[in-house]
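Peer 1: A structural model of the following input is requested.
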Amino acid sequence: MARRSQTELAVLGALSTGAMTGYEVRAAITGTLGHFWQESFGQIYPTLAGLEADGLVRRRGGGRTSGSVVEITDAGRVRLRELLAEPHPSAPRRNALLLRLFFGEHLPPGRAHELLTEVEEGSVAALEQYSAIRAEPSDDDPGQPFRTMTLSFGEHLARAQRDWARESLAALADLEEGRRARG
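Peer 2: Numbering: from 1, shown residues only. Presented below is the predicted three-dimensional model:
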């Protein structure tokens, strides 16, 4: 699936929850999907224009101003279902942290520790955010079980990253202790 159709999927998905302005679409994607999906204003507004040209969304209450409200059409709901049914592309195997750690013997002293500590702290913060989201009251939204599954994925991933960072920090401490003992 091309990048454009992934952006269409995010925008149509956000609009499937209710009509909103372009700014609100961006805020919904950032606030709700932001733990696992990101879109920029530079992607959202051209996508909205293309979706409108294709009859998948329509503007209410005015022209093409940034404050006009956009809603998904019936054709847009059909397109959303089509996009959701397509095979999802696998995530690229690019991790800047692991690239740096792989060549860690060339890092400045203490930098590997800083990198791992950032991962640990970020994971702990993410777990706190997920806990707060989980504590929010849920309404009779039929999509809630699916959002809970997504939240659970984030929690599992954050716990795994936290545990890996702690394990790696311990291994790094052992490595540094061994170097001091030999040196």
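Peer 1: tell me the spacing between the residue nearest to residue 57 when sequence neighbours are not counted and residue 71.
Peer 2: Excluding the flanking residues, the one nearest residue 57 by Cβ to Cβ, 6 or more residues apart in numbering is residue 51, at 4.5 Å. Any C-beta I mention is one placed from the backbone N, CA and C, and that applies to glycine too. Plainly put, residue 51 is 11 Å away from residue 71 if you go by Cβ to Cβ, to the nearest Å.
Peer 1: picking that back up, what sits against the residue nearest to residue 57?
Peer 2: If you count contacts by Cβ atoms under 8 Å, 6 or more residues apart in numbering, residue 51 has them with 8, 11, 12, 57, 76.
Peer 1: how far off centre is the worst-scoring helix or strand of the chain on mean pLDDT?
Peer 2: Lowest by mean pLDDT, DSSP states H and E among the helices and strands of the chain is helix 3-15, with a mean of 85. The chain centroid and the centroid of helix 3-15 are separated by 13 Å under Cα atoms, centre = their mean, to the nearest Å.
Peer 1: contacts for whatever helix or strand comes next after that helix?
Peer 2: Where DSSP states H and E defines the elements, the next helix or strand beyond helix 3-15 is strand 20-21. Contact with strand 20-21 is made by 14, 28, 66, 67, 68, 69, 70, as judged by Cβ under 8 Å, 6+ apart.
Peer 1: quick revisit: the least confident helix or strand of the chain: which residues count as buried?
Peer 2: By neighbour count with 16 or more other Cβ atoms under 10 Å, helix 3-15 contains the buried residues 5, 6, 7, 8, 9, 10, 11, 12, 13, 14, 15.
Peer 1: buried sites along whichever strand or helix holds the residue nearest to residue 57?
Peer 2: For residue 51, the host element (DSSP H and E) is helix 41-53. Within helix 41-53, the residues scored as buried using 16+ other Cβ under 10 Å are 43, 44, 45, 47, 48, 51, 52.
Peer 1: tell me the mean pLDDT over it?
Peer 2: For helix 41-53, mean pLDDT rounds to 90.
Peer 1: for the residue positioned nearest the centre of the chain, what are its contacts?
Peer 2: Of all residues in the chain, the one closest to the mean position by Cα atoms, centre = their mean is residue 36, 1.8 Å from it. With contact set as Cβ under 8 Å, 6+ apart, residue 36 has these partners: 150, 153, 154.
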